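# no sequence for this one, just the structure:
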């Protein structure tokens, strides 16, 4: 339960401006776990892997009681999807057993065929179940958001590339007495590179880089390190820098990609999306283990085991090629997400609406932006005015205008932004932004950092929030969440159902607008 909710706990507890750093720390534990487990097994015995969780669990209970903030956003109650869970367990277990059989597990051929058929049929049945049921195990309506779906696919590829080497390298280097412990120490280069990149990435990478560009750079670095392992002989001297570079790339990619995922939804959906991230991590980890075993087994047919100079590199080449392909796929997903952001907004120029024809069939009716644009703009304008009035009435103790709070919120999403960029993003005159910033800086909500080449030039300063500013934005977001939840509760059931059906389109529209601002 703690691990499944870890991403949601981090994102709802850490300040928005520090979310990527917090998710990086969370991911370091994932990367360190297998290495520490291997060292414990080689030194204290396999039972120590279980005993170590006792003090960790005690600390987690105490820390959770006294350090985690109280939850203020709640998702709607639902029913547990028992049939969907049974189908998920069935098809994943059958698939893994079939992959294990192909990788060398001794099973009768007829049983392997039966497992493959069961895996495919179970997958189809599971998909149909999740689409049709009212309370699905996997929130299908969230996956209709293309940025979220791409981010989850990227997370699966990232975790596959992260855990794959932890299975593969011991097969290549574990030879001779004491080799297991030595290989475990060599493997620590991967989580070490991951941890350093996750913690120090913000200091090394350009401040102007967003999460998409960081994810692309990290995935390309990991891909280059995995591709190099297909041509460079694997020895203790060469495997350490290769694993360190791969870990550094993944330490940049994984936190940035997870941040993109979690920022695409409201805090009230953090538990659902955090569960999806955990599912992507579990799928990536499982595939990383099973596919590495499969590639290692298939590579055994392409080398001569009797060669006295054999080091295992030849047999590992297909596996490292697969890891490079996974990292390249993660990079392609980052590019696709960025291309999606630069393209035409969904729901405007290319929006389609499905209506029932007189014969009962489905026809496509084009809806252009000239038809829905003015009406949608009017709805958004009225909604913003209503939210401003409600926010002033709900929490007047903040002492800030809505314009100032929106400015602080924008700095939260874009730390290090310049005043001129802020004016363009908020569609305000530079003089108005300067006036707002002056009041916020005097109150201690905003800090200014001169640029490296500014020489006192006020136009090149970068803006960040102080601790008081971060608390004000967090408090304002919570007020807005409470207002929306109270307003939804007053709507008739039919109107709530209509909004629920329109949620994917509204989410895509919001993502498109945000990406244009980025």
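Yes, it's here. Note that the coordinates shown come from a computational prediction; the quantities given were computed from them, not determined experimentally. Numbering: from 1, shown residues only.
# quick one: the strands in the chain?
With DSSP state E as the criterion, the chain has strands at 352-356, 362-366, 446-449, 462-465.
# shaky segments in this protein?
Scanning the chain for pLDDT under 70 picks out 71-78, 174-181, 264-270, 299-313, 338-374, 392, 394-398, 451-460, 514-518.
# how is it divided into domains?
6-78+135-342, 366-517 (automatic domain parsing).
# please identify the most buried of those domains.
Neighbour counts (mean count of other C-beta atoms under 10 Å) averaged over each of those peak at domain 6-78+135-342, with a mean of 19. (Glycine included, C-beta is placed from N, CA and C.)
# make JSON lines out of the domains of the chain and add distance to residue 92.
Output for the domains of the chain, formatted as JSON lines (distance: least, C-beta to C-beta, whole Å):
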{"stretch": "domain 6-78+135-342", "distance to residue 92": "8"}
{"stretch": "domain 366-517", "distance to residue 92": "26"}
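# for residue 88, which of those domains is the nearest?
domain 6-78+135-342 (6.5 Å; C-beta to C-beta).
# state the number of residues packed around residue 118.
Using other C-beta atoms under 10 Å, the number of residues around residue 118 comes to 17.
# how close does the residue nearest to it when sequence neighbours are not counted sit to residue 284?
Counting by C-beta to C-beta, 6 or more residues apart in numbering, residue 94 is the residue found nearest to residue 118 once chain neighbours are left out, at 4.3 Å. Using C-beta to C-beta, to the nearest Å, we find residue 94 at a distance of 19 Å from residue 284.
# ok, now residue 5?
For residue 5, the distance to residue 284 - C-beta to C-beta - is 18 Å.
# swap in residue 263?
As judged by C-beta to C-beta, residue 263 and residue 284 stand 21 Å apart.
# can you check residue 475 too?
On the measure of C-beta to C-beta, residue 475 and residue 284 end up 36 Å apart.
# ok, so what distance separates residue 7 from residue 273?
Relative to residue 273, residue 7 is positioned 8 Å away (C-beta to C-beta).
# and residue 330, by the same measure?
Separation of residue 330 from residue 273 (C-beta to C-beta) stands at 19 Å.
# and if you look at residue 118?
30 Å.
# now do the helices in the stretch 301-450 of the chain.
Taking DSSP state H, counting those that start in this stretch, the helices of the stretch 301-450 of the chain run over residues 313-342, 369-394, 402-413, 419-426, 430-442.
# redo these as TSV? Include distance to residue 465.
Below are these laid out as TSV (distance: least, C-beta to C-beta, whole Å):
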stretch	distance to residue 465
helix 313-342	24
helix 369-394	19
helix 402-413	6
helix 419-426	12
helix 430-442	9
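# residue 390 and residue 482 touch, don't they?
No - counting by C-beta atoms under 8 Å, residue 482 is not a contact partner of residue 390; they are 9.5 Å apart.
# my guess is the residue nearest to residue 118 meets residue 122, correct?
Yes - taking contacts as C-beta under 8 Å, residue 94 lies within contact range of residue 122: 6.2 Å.
# any idea which of the helices of the stretch 301-450 of the chain gets closest to residue 505?
helix 369-394 (10.4 Å).
# what residues does residue 69 make contact with?
Contact analysis of residue 69 by C-beta atoms under 8 Å, 6 or more residues apart in numbering lists 12, 13.
# where does it fall, phi/psi-wise?
Residue 69 adopts backbone torsions of phi -70, psi 160, taken as degrees, to the nearest 10.
# from residue 231, how far out is it?
Using C-beta to C-beta, residue 69 is found at 50 Å from residue 231.
# now do residue 495
61 Å.
# quick check: neighbours shared by residue 7 and residue 273?
Common neighbours of residue 7 and residue 273, using C-beta under 8 Å, 6+ apart, are residue 262.
# hang on, residue 422 packs against residue 412?
No - applying C-beta under 8 Å as the test, residue 422 and residue 412 come out as separate, 11.9 Å apart.
# ok, the one residue sitting closest to the centre of the chain - contacts?
The residue lying closest to the centre of the chain (C-alpha atoms, centre = their mean) is residue 258, at 2.1 Å. For residue 258, the residues meeting the contact criterion (C-beta under 8 Å, 6+ apart) are 7, 23, 27, 151, 155, 277.
# now the residues you listed in JSON lines, with distance to residue 449?
Below are the contacts of residue 258 laid out as JSON lines (distance: C-beta to C-beta, whole Å):
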{"residue": "7", "distance to residue 449": "30"}
{"residue": "23", "distance to residue 449": "24"}
{"residue": "27", "distance to residue 449": "28"}
{"residue": "151", "distance to residue 449": "30"}
{"residue": "155", "distance to residue 449": "32"}
{"residue": "277", "distance to residue 449": "32"}
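# greatest separation within the residues you listed: which pair is it?
Pairwise over these, using C-beta to C-beta, the maximum falls at 27 and 151, 14.4 Å.
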